[in-house]
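**Q** all I have is the shape, not the residue letters:
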Ligand code: SF4
Ligand code: SF4
Ligand code: SF4
């Protein structure tokens, strides 16, 4: 019996779905084992078709993107009801992703930027008809409905998707769900799917010397030494705070990791962890100078994780108490 799967797109750039299509001929290994029962963005299904399915009809519901609008939240809840297992597919779906950074601004400011003041807008207006209302904050999908498994990455790598789908096909969905319920997600990733439970730095082959920094560089400044740790060269590389699994893709290509796989195992808050790792090697930099060298603190430390981060929540909760 083929596995019945559905793909749902919430607020997203479609890059995660694109990475499915990018499997090219590797798709031929898995497609015969899948029955796609909903994929509005690719096949001509409508949301009413998803709503009309019996509850629990779908084996795995893959969710791309975050819940930005009330309509997103509704579709997420419908998919949960219709699916035996739900997979948060991609960093936006796991943590809010780059969209989560909008939590730093009011909805009014976001609308104004998008529809009126962005450089690409000509004679803009803020739409008011036939558009769903925005949620006041982006709340990660797994805090809206139970999520069985997270596939990290912006977008997830083809090999990772194949490994997860291959693992479900090999062991059976029932077994995989039982493993998740009994042992948790980390166990499934490491013991069943064979992924490292480590940080990016643990896997990175660049050399480290415990250097103290006197300057922080932007990515475009200078040409990094191809052998040495990027962080020790002054580039903020999120490797110490980020989960391994992508193959240290960015540092291997000469650019710092920006953290799309989310917090490393046993790290609750990716940005705070990175700031504390930096603090130990930046003691010689004056805090004011540091601020000038890192002008976009949120974008640097919380590019993908702000919607799940602790600090903004504490501020929000405090402001609601007043
Ligand atoms: S995780 Fe990245 S690729 Fe996927 S939808 Fe979000 S921004 Fe796009
Ligand atoms: S900080 Fe970045 S470059 Fe340095 S070891 Fe870690 S992953 Fe590699
Ligand atoms: S190196 Fe970092 S930013 Fe690059 S793909 Fe891996 S986790 Fe994402």
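**A** Good, I have the coordinates. Predicted model, so just to flag it, every value in this text is computed and none were measured. Ligands and ions are numbered 1, 2, ... in the order given.

**Q** residue contacts, the closest residue to ligand 2 within the stretch 201-322 of the chain?
**A** As assessed by C-beta to the nearest ligand atom, ligand 2 sits closest to residue 239 within the stretch 201-322 of the chain, at 2.5 Å. To be clear about C-beta, it is placed using only N, CA and C from the backbone, and glycine gets the same treatment. Counting by C-beta atoms under 8 Å, 6 or more residues apart in numbering, residue 239 touches 199, 200, 201, 204, 230, 231, 248, 251, 256, 257.

**Q** near ligand 3, which residues of this structure show up?
**A** Counting by C-beta under 6 Å from any ligand atom, the chain comes close to ligand 3 at 200, 242, 246, 248, 249, 250, 257, 258, 259, 260, 261.

**Q** and which of the residues you listed is nearest residue 159?
**A** residue 246 (9.4 Å; C-beta to C-beta).

**Q** doesn't residue 261 make contact with that closest one?
**A** Yes - in terms of C-beta atoms under 8 Å, residue 246 counts as a neighbour of residue 261; the distance is 5.7 Å.

**Q** state the distance from the spatially closest residue to residue 105 that is not a sequence neighbour to ligand 1.
**A** Distance criterion C-beta to C-beta, 6 or more residues apart in numbering; nearest residue to residue 105, sequence neighbours excluded, is residue 113 at 7.6 Å. Applying C-beta to the nearest ligand atom, to the nearest Å, the value for residue 113 to ligand 1 is 18 Å.

**Q** what do you get for residue 204?
**A** Residue 204 sits 22 Å away from ligand 1, going by C-beta to the nearest ligand atom.

**Q** list the contacts for that residue?
**A** In this structure, residue 204 makes contact with 229, 239, 248, 251, 252, judged by C-beta under 8 Å, 6+ apart.

**Q** how about the second one: what's its closest non-neighbour residue?
**A** Right, the one you point to is residue 239. That would be residue 200: by C-beta to C-beta, 6+ apart, it lies 3.7 Å from residue 239.

**Q** since we're on that neighbour, how many residues are nearby?
**A** By other C-beta atoms under 10 Å, 26 other residues sit near residue 200.

**Q** for residue 102, helix, strand, or coil?
**A** helix (DSSP: H, G, I helix; E, B strand; the rest coil).

**Q** residues in contact with it?
**A** Under the criterion of C-beta under 8 Å, 6+ apart, the contact list for residue 102 reads 68, 110, 138.

**Q** hey, what's the closest residue to the first one other than its chain neighbours bridged with?
**A** Excluding the flanking residues, the one nearest residue 68 by C-beta to C-beta, 6+ apart is residue 11, at 3.5 Å. Each beta-bridge partner of residue 11 is listed here, defined by DSSP bridges: residue 66.

**Q** you'd agree residue 11 is up against residue 70?
**A** No - counting by C-beta under 8 Å, residue 11 stays clear of residue 70, with 11.6 Å between them.

**Q** more neighbours: these two, which one.
**A** Higher neighbour count among residue 11 and residue 70: residue 11, with 21 against 12, using other C-beta under 10 Å.

**Q** check contacts around that one.
**A** Residue 11 makes contact with 65, 66, 67, 68, 69, 72, 92, 99, 138 under the criterion C-beta under 8 Å, 6+ apart.

**Q** which one of the residues you listed is nearest ligand 2?
**A** Distances from ligand 2 to the contacts of residue 11, taken as C-beta to the nearest ligand atom, are shortest for residue 92 (22.6 Å).

**Q** am I right that that closest one is in a helix?
**A** Yes - assessed by three-state DSSP, residue 92 belongs to a helix.

**Q** tell me the residues on the stretch 101-250 of the chain that lie near ligand 2, please.
**A** Contacts of the stretch 101-250 of the chain with ligand 2, taken as C-beta under 6 Å from any ligand atom, map to 200, 201, 204, 206, 208, 229, 230, 231, 237, 239, 240, 248.

**Q** quick check on the fourth one: phi, psi?
**A** Yep, that's residue 206 we're talking about. Backbone torsions for residue 206, taken as degrees, to the nearest 10, come to phi -70, psi 150.

**Q** which non-adjacent residue is nearest it?
**A** Once flanking residues are discounted, residue 206 sits nearest to residue 229: 4.6 Å by C-beta to C-beta, 6+ apart.

**Q** so what's that neighbour up against?
**A** With contact taken as C-beta under 8 Å, 6+ apart, residue 229 is in contact with 201, 204, 206, 207, 208, 209, 211, 237.

**Q** quick check, pLDDT for the fifth one.
**A** As predicted, residue 208 sits at a pLDDT of 94.

**Q** hang on, it packs against residue 233?
**A** No - contact status for residue 208 versus residue 233: not in contact, 10.7 Å apart, counting by C-beta under 8 Å.
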